[in-house]
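> Predicted model follows, preceded by the sequence.
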Amino acid sequence: MKLAKVLILAVGIIFSVASFAAGKSLYMSKTCWACHGKDGNTTLQPAYPKVAGQNKEYLINQMRDIKTGVRSNGQSEAMKGVMGLVSDDEIVEIADWLSKIK
């Protein structure tokens, strides 16, 4: 029984690490870093938001709203083209990674 618990814990840790790495990889490959910085804190322009450490659900909602056009103000127009290349599953992965970094 103890071995089963250890294996379940190990699988969970491996999945978490893989998911974390996937989020970072997507953030880089979808060019989010170009405006928000490689660390999510070093923005290209002062008006661009720092996204590292933000609430996961907030990030998901903002990205989905920009993608669908619900949010179309300020800097969101610049992001609309990029968000068209990001799937809903990828949005969740990116938001999860961003929410876990500082």
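Received it, and whenever you're ready, just let me know what you need.

> need the next SSE after the helix or strand containing residue 82, C-terminal direction.
Here residue 82 sits within helix 76-83, counting by DSSP states H and E. As assigned by DSSP H and E, the chain's next helix or strand after helix 76-83 is helix 88-100.

> Tell me which stretches of this protein form helices.
Using DSSP state H, the helices found in the chain span residues 2-29, 33-36, 56-68, 76-83, 88-100.

> what's around the residue lying closest to residue 86 once chain neighbours are set aside, how many residues?
Taking C-beta to C-beta, 6 or more residues apart in numbering as the measure, residue 86 lies nearest to residue 30, with 5.4 Å between them; neighbours along the chain are not counted. From N, CA and C alone the C-beta is placed, and that goes for glycine too. Taking other C-beta atoms under 10 Å as the criterion, the count of residues near residue 30 is 16.

> Check the gap between residue 30 and residue 65 for me.
To residue 65, residue 30 is 17 Å away according to C-beta to C-beta, to the nearest Å.

> which of the residues in stretch 82-95 are buried?
Within stretch 82-95, the residues that qualify as buried are 82-83, 86, 90-95, counting by 16 or more other C-beta atoms under 10 Å.
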